[in-house]
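S.K.: could you look at this predicted model? Sequence included:
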Amino acid sequence: MRRAESDFPPASPPITLYGEFTQNSNRRGRWAVNLTEKDLVVQRLASAPVGRNKVVLSLRDCVGCRAYREDDKADPSAYFAAYFYPLRKRRWMTSAPSRQRVEQCFRLAALQDPHANLEEAEKWALILLCFLHSVPLRHTDSVLLNSLPHPCRILLFVNPQSGKGQALTLYNSHIQRMLNEAGVIHKLIITERQNHARELVKDVDLSQWDALVIMSGDGLLHEVINGLLERPDWEEAVRTPLGILPGGSGNALAASVHYYSG
Ligand SMILES: Nc1ncnc2c1ncn2[C@@H]1O[C@H](COP(=O)(O)OP(=O)(O)OP(=O)(O)O)[C@@H](O)[C@H]1O
């Protein structure tokens with residue numbers, strides 16, 4: 001059902017994908033889906049006036065996407081899902097807007113051939129990823145795939161005792177899913193005691209990881225930095241990107257970093 005694109009000549013007008021699909025969550029209606037460099041526009045195909053059933057999701061709020069088939073061998077459908085976290089106003093006027101998860105999942109079932117449906121879903125996912133990573137769409141799919149950055153790999157330390165003892169629950173309820181949606185490969189380390197993270201960081205093979213992330217309060221990040229500084233290769237090791245997810249009680253550093261980075 002795609003309308004424009006395929007050979008992607010350099011001087012062509014902006015590339016968009018267009019399709020008409022059912023949604024995974026609602027198979028009765030049909031939706032017109034338009035993917036551009038800037039947004040994903042989803043509009044219900046119905047007699048209602050234009051605009052009433054239209055959703056415009058900015059790709060700036062998109063963390064990732066995937067194409068897949070379900071286990072049901074009798075069903076030839078494939079799915080294309082994209083994950084967004086747009087800022088939404090809270091109900092109370094006084095509280096600041098917060099990011100809330102929006103999943104758009106479409107069922108591609110135009111053909112009887114499951115492989116062809118999956119290929120089409122993969123094409124949507126590939127082009128969305130190219131838009132997210134600003135990869136110019138001038139090549140074949142395989143070249144495009146190779147032009148995408150390799151998936152980010154992080155070592156994630158969660159302190160189950162920090163704050164009110166909810167860091168691990170938050171990881172299970174929010175973080176794990178967000179990382180998967182964003183295509184971030186991660187290894188979870190649940191710290192068992194004081195200095196556990198420090199000892200591990202002292203010896204870990206840093207070439208395996210793009211970043212070290214802690215989910216705790218400020219104390220665990222200090223431990224990780226101390227571990228890096230105790231390594232023989234500390235000068236290089238200390239350049240490893242670090243991340244902090246608020247899991248402690250005060251979370252002063254996480255709040256400052258996120259505030260100053262916008
Ligand atoms: N499983 C564990 N049991 C007990 N202590 C731990 C464990 N894992 C890590 N720690 C230690 O807990 C200390 C305190 O953690 P952290 O400062 O990160 O959280 P917090 O004090 O709860 O948060 P905040 O700084 O926001 O008040 C860290 O220095 C770390 O060494």
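M.R.: Received, thanks.
S.K.: can you tell me how far Arg106 is from Glu199?
M.R.: Arg isn't right for residue 106; it's Phe. Taking C-beta to C-beta, to the nearest Å as the measure, Phe106 falls 47 Å from Glu199. (Glycine included, C-beta is placed from N, CA and C.)
S.K.: and what of Val257?
M.R.: In this view, Val257 and Glu199 are 25 Å apart by C-beta to C-beta.
S.K.: follow-up on the earlier one: Phe106 and Glu199 - which one has more neighbours?
M.R.: Phe106 (22 against 13; other C-beta atoms under 10 Å).
S.K.: mind listing what the more buried one touches?
M.R.: 19, 21-24, 31, 33, 79-81 (C-beta atoms under 8 Å, 6 or more residues apart in numbering).
S.K.: list buried residues within those residues.
M.R.: 19, 21-24, 31, 33, 79-81 (16 or more other C-beta atoms under 10 Å).
S.K.: CSV for those residues, including secondary structure and pLDDT?
M.R.: Listed next are the buried ones among the contacts of Phe106 as CSV, based on DSSP: H, G, I helix; E, B strand; the rest coil; pLDDT from 0 to 100:
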residue, secondary structure, pLDDT
Gly19, strand, 94
Phe21, strand, 92
Thr22, strand, 90
Gln23, strand, 85
Asn24, coil, 74
Trp31, strand, 92
Val33, strand, 95
Tyr79, strand, 95
Phe80, strand, 97
Ala81, strand, 97
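S.K.: surely Ile127 forms part of a helix?
M.R.: Yes. According to DSSP: H, G, I helix; E, B strand; the rest coil, Ile127 belongs to a helix.
S.K.: number of nearby residues for the closest residue to Gly29 other than its chain neighbours?
M.R.: Closest residue to Gly29 apart from its sequence neighbours, by C-beta to C-beta, 6 or more residues apart in numbering: Arg44 at 5.5 Å. Neighbour count for Arg44, taken as other C-beta under 10 Å: 15.
S.K.: I'd say Arg44 and Trp31 touch.
M.R.: Yes. Assessed by C-beta atoms under 8 Å, Arg44 is found in contact with Trp31 at 5.6 Å.
S.K.: what segments of the chain are strands?
M.R.: 17-23, 26-35, 39-44, 54-58, 62-68, 78-84, 87-88, 98-99, 102-108, 153-158, 185-190, 211-216, 242-246 (DSSP state E).
S.K.: give me the sheet partners of the fourth one and which way each runs.
M.R.: If I follow you right, that is strand 54-58. strand 39-44 (antiparallel) (DSSP bridges).
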